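Chemist: how would this look folded up:
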Amino acid sequence: MSGFVEKPEPIQVPGLVHLHTGKVRELYRNEAGDLVMVASDRISAYDWVLPTEIPDKGRVLTQLSLWWFDQLADLVPHHVLSTELPVGAPADWAGRTLVCKSLRMAPVECVARGYLTGSGLAEYQESRTVCGLALPEGLVDGSELPGPIFTPATKAAVGEHDENVSYEEVARQVGADVAAQLRQATLAAYTRARDIARERGIILADTKFEFGFDGDTLVVADEALTPDSSRFWPAEQWEPGHAQPSYDKQYVRDWLTSAESGWDRAGEQPPPALPQHVVDATRAKYVEAYERLTGLGWS
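Modeler: Sure thing, here's the model as predicted:
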């Protein structure tokens, strides 16, 4: 079992048609045919959307994505048309809402890795490959790779795992030309972001992008380079050979699998509500990531 512990009812706004409830975002279409994305404060872990929200999380994701879209604009255009609230929208939507182009989305999670960890590490330990790409011997959890690699995945429904696939499988699904565009854009954006983050004392271990087409133009969509879609590590604490401290949901994952939570990940019961100290610490990590990366104060 997995999915939503408590699936929310979408807010109805005149002039907007609700299309989809995702792990974090609510998706609407306005009367002009544009998409309206609203980032909630929901958080997911182990394929569950948890019953406890993290205050300000949706605003952090939205504002950090906007900042990164600007940093990448000369490499790949983005989908944002406006950040103005739709007429009649709740005041709480301010700072977490994007009006976006409706794109023809590529059915691929475009993942770039510069360091070995997570599912890539698990595959490497079995076969010395990641998504079929051969890697050198002797790498450990947290090792920097010889160069960034493109390791795509299939998009999964809420409550299901994304599955790593080979580049050849992507080419089979979307065509060789589109696959090449996705790989080139993913690696170019990752490399730019890695270098920017490194200047700010943060290692960008890996990240995922979603792309769509506006006519024949490849456009980056959804979010970009947030703690939800990326692994950010404090550079001063980087030490290969074990899991690294990070600015993402790992604090939540660690609590859920601790004795304090009492939750059996392998069982059929949904995870419990998060205690306040976990909520506060997780919010602080999201805010710190925003502030360190952008150089801006959070308010």
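
Chemist: Which strand or helix spans Ala281?
Modeler: Assigned by DSSP states H and E, Ala281 belongs to helix 276-294.

Chemist: and that helix, which residues are buried?
Modeler: 278-279, 282-283, 285-290, 292-294 (16 or more other C-beta atoms under 10 Å). Where C-beta positions appear, they are placed from N, C-alpha and C, glycine not excepted.

Chemist: Serialize the residues you listed to CSV and add fields for pLDDT.
Modeler: Output for these, formatted as CSV (pLDDT from 0 to 100):
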residue, pLDDT
Val278, 95
Val279, 96
Thr282, 95
Arg283, 96
Lys285, 94
Tyr286, 95
Val287, 96
Glu288, 95
Ala289, 95
Tyr290, 97
Arg292, 96
Leu293, 97
Thr294, 97
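
Chemist: Now compare those residues and name the two farthest from each other.
Modeler: Val278 and Thr294 (24.9 Å; C-beta to C-beta).

Chemist: centre of the chain versus the helix or strand bottoming out on mean pLDDT in the chain, how much separation?
Modeler: Least confident element among the helices and strands of the chain, by mean pLDDT, DSSP states H and E: strand 163-164 (a mean of 82). Centroid separation between strand 163-164 and its chain, computed with C-alpha atoms, centre = their mean, to the nearest Å, is 15 Å.

Chemist: What of stretch 83-98?
Modeler: That offset, for stretch 83-98, works out to 22 Å (C-alpha atoms, centre = their mean).

Chemist: mind starting the numbering at 349 from now?
Modeler: Taking 349 as the first residue, the last one we looked at is stretch 431-446.

Chemist: Excluding chain neighbours, what is closest to the most centrally placed residue in the chain?
Modeler: Among the residues of the chain, the one closest to the centroid is Ser577, at 1.7 Å (C-alpha atoms, centre = their mean). The shortest distance from Ser577 to any non-neighbouring residue, by C-beta to C-beta, 6 or more residues apart in numbering, is to Lys556 (5.2 Å).

Chemist: I'd say the one you found and Arg579 touch.
Modeler: No. Here Lys556 lies out of contact with Arg579, judged by C-beta atoms under 8 Å, at a distance of 10.1 Å.

Chemist: between those two, who's got more neighbours?
Modeler: Lys556 (23 against 20; other C-beta atoms under 10 Å).

Chemist: any idea how far Gly645 is from that one?
Modeler: Distance of Lys556 to Gly645, computed by C-beta to C-beta, to the nearest Å: 28 Å.

Chemist: ok, now Ala501?
Modeler: 35 Å.

Chemist: Have a look at these two and say which one is more surrounded.
Modeler: Neighbour count, other C-beta under 10 Å: between Ala501 and Gly645, Ala501 has more, with 18 against 8.

Chemist: What residues are bridge-paired with that one?
Modeler: Beta bridges link Ala501 to Glu457, Asn512, judged by DSSP bridges.
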